[in-house]
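Novice: sequence unknown, structure follows:
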């Protein structure tokens, strides 16, 4: 009797290794690591500053525009270093939450426009272009001048609304290249709801460009909130605010420059840190690694 041929059992295909996250890929970028380090140090400075400041937020430390203390005093004789250590809380919180709000609104608008297509896409994006045609600072000033005293939530909404149209354009552009892909078509053919297709199939493939845009929006938010403080619009006019410090101490610039230079420098360094992070993530997206 001839030996029967033995058929080997079918082997399962090898499991592909999981793709590293966008954050892990970005950590290989030197500029992202540098930006992350700068940003984290400044966030720690803002959080711990009020507990380590040598004087109180409104405590008089000497004559106005004197050289007493590490950075001298301001126009009221308050310690500049202490005011800088207290002055970042409002800017950081409003910039962070305003950026998050703007990203959520913009992503929702952009994805809905791309996924709906047709005349819905045209109507949504043309209205978006109308909002984009107005300067952001002008829209903010129109709203703030109509209010007696803006609250933190009003400033957050203004920052978020100012970001949403620009985020929407980016989100729509990225989503247009995804909504016609095979995996989206397959999910629709299986009867998946549109919201689930967007959340489970479209959004995960947009993370790198959206994270890069989020870093840029945060950079803009810091400067935007600082500019509003410079113009006198803050949630608490009596509290320390980096932008407001620049405006208050302008007259003493020739004799006591640190009262102006200190808040200017820390805002600039903050913006450099967040911008470096955004650049690092953008490099990951451009190389097609995300």
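Specialist: All right, it came through fine. Being a predicted model, the structure only gives us computed values, none of them experimental. Numbers count the residues shown, from 1 in each chain.
Novice: okay, helices next: where are they in the protein?
Specialist: Ranges of helices in the chain, per DSSP state H, are 22-26, 30-52, 80-86, 88-116, 118-132, 136-145, 152-176, 182-189, 194-197, 207-230, 242-248, 258-286.
Novice: can I get those in TSV including mean pLDDT?
Specialist: Formatted as TSV, these follow (pLDDT from 0 to 100):
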stretch	mean pLDDT
helix 22-26	76
helix 30-52	92
helix 80-86	93
helix 88-116	91
helix 118-132	87
helix 136-145	85
helix 152-176	90
helix 182-189	70
helix 194-197	71
helix 207-230	89
helix 242-248	91
helix 258-286	89
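Novice: wait, which of those helices is closest to residue 64?
Specialist: Shortest separation from residue 64 across the helices of the chain is recorded for helix 258-286, at 9.5 Å, computed as C-beta to C-beta. No exception for glycine: its C-beta is placed from N, CA and C like everyone else's.
Novice: packing partners for that closest one?
Specialist: Helices and strands touching helix 258-286, by 3 or more C-beta pairs under 8 Å, 6 or more residues apart in numbering; DSSP states H and E, are helix 22-26, helix 30-52, helix 80-86, helix 88-116, helix 207-230, helix 242-248.
Novice: any idea of the angle it forms with helix 207-230?
Specialist: Orientation of helix 258-286 against helix 207-230 (axes from the mean of the first three to the mean of the last three C-alpha atoms, to 10 degrees) gives an angle of 160 degrees.
Novice: just the angle between helix 258-286 and helix 88-116, please?
Specialist: Using the same axes, to 10 degrees: helix 258-286 against helix 88-116 is 30 degrees.
Novice: and the angle from helix 258-286 to helix 152-176?
Specialist: Relative orientation of helix 258-286 versus helix 152-176 (the same axes, to 10 degrees): 20 degrees.
Novice: pull out the buried residues from helix 258-286.
Specialist: In terms of neighbour count (16 or more other C-beta atoms under 10 Å), helix 258-286 has its buried residues at 258-260, 262-263, 266-267, 270-285.
Novice: save the helices of the chain as a markdown table, and put in distance to residue 59 too.
Specialist: Output for the helices of the chain, formatted as a markdown table (distance: least, C-beta to C-beta, whole Å):
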| stretch | distance to residue 59 |
| --- | --- |
| helix 22-26 | 41 |
| helix 30-52 | 12 |
| helix 80-86 | 7 |
| helix 88-116 | 17 |
| helix 118-132 | 44 |
| helix 136-145 | 29 |
| helix 152-176 | 24 |
| helix 182-189 | 60 |
| helix 194-197 | 53 |
| helix 207-230 | 21 |
| helix 242-248 | 15 |
| helix 258-286 | 15 |
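Novice: looking at these, which is buried most?
Specialist: Neighbour counts (mean count of other C-beta atoms under 10 Å) averaged over each of the helices of the chain peak at helix 80-86, with a mean of 25.
Novice: what lies in contact with that helix?
Specialist: Outside of helix 80-86, the residues within contact range by C-beta atoms under 8 Å, 6 or more residues apart in numbering are 45, 49-50, 52-57, 59, 61, 69-74, 239-240, 242, 245, 256, 258-259, 262-263, 266.
Novice: can you do 6 Å?
Specialist: Applying C-beta atoms under 6 Å, 6 or more residues apart in numbering, the set of residues contacting helix 80-86 from outside is 49-50, 53-55, 57, 70-72, 74, 240, 258-259, 262.
Novice: over to stretch 101-112?
Specialist: With C-beta under 6 Å, 6+ apart as the contact definition, stretch 101-112 has outside contacts at 160, 163-164, 167-168, 171-172, 175, 198, 214, 217.
Novice: out of those, which is nearest to residue 120?
Specialist: For these, the residue nearest residue 120 by C-beta to C-beta is residue 172; the value is 11.6 Å.
Novice: that closest one is in contact with residue 115, isn't it?
Specialist: No: judged on C-beta atoms under 6 Å, residue 172 makes no contact with residue 115 at a distance of 9.5 Å.
Novice: burial count for the nearest residue to residue 58 once chain neighbours are set aside?
Specialist: For residue 58, ignoring the flanking residues on the chain, the nearest one in space by C-beta to C-beta, 6 or more residues apart in numbering is residue 78 at 6.4 Å. Residue 78 sits with 25 neighbouring residues when counted by other C-beta atoms under 10 Å.
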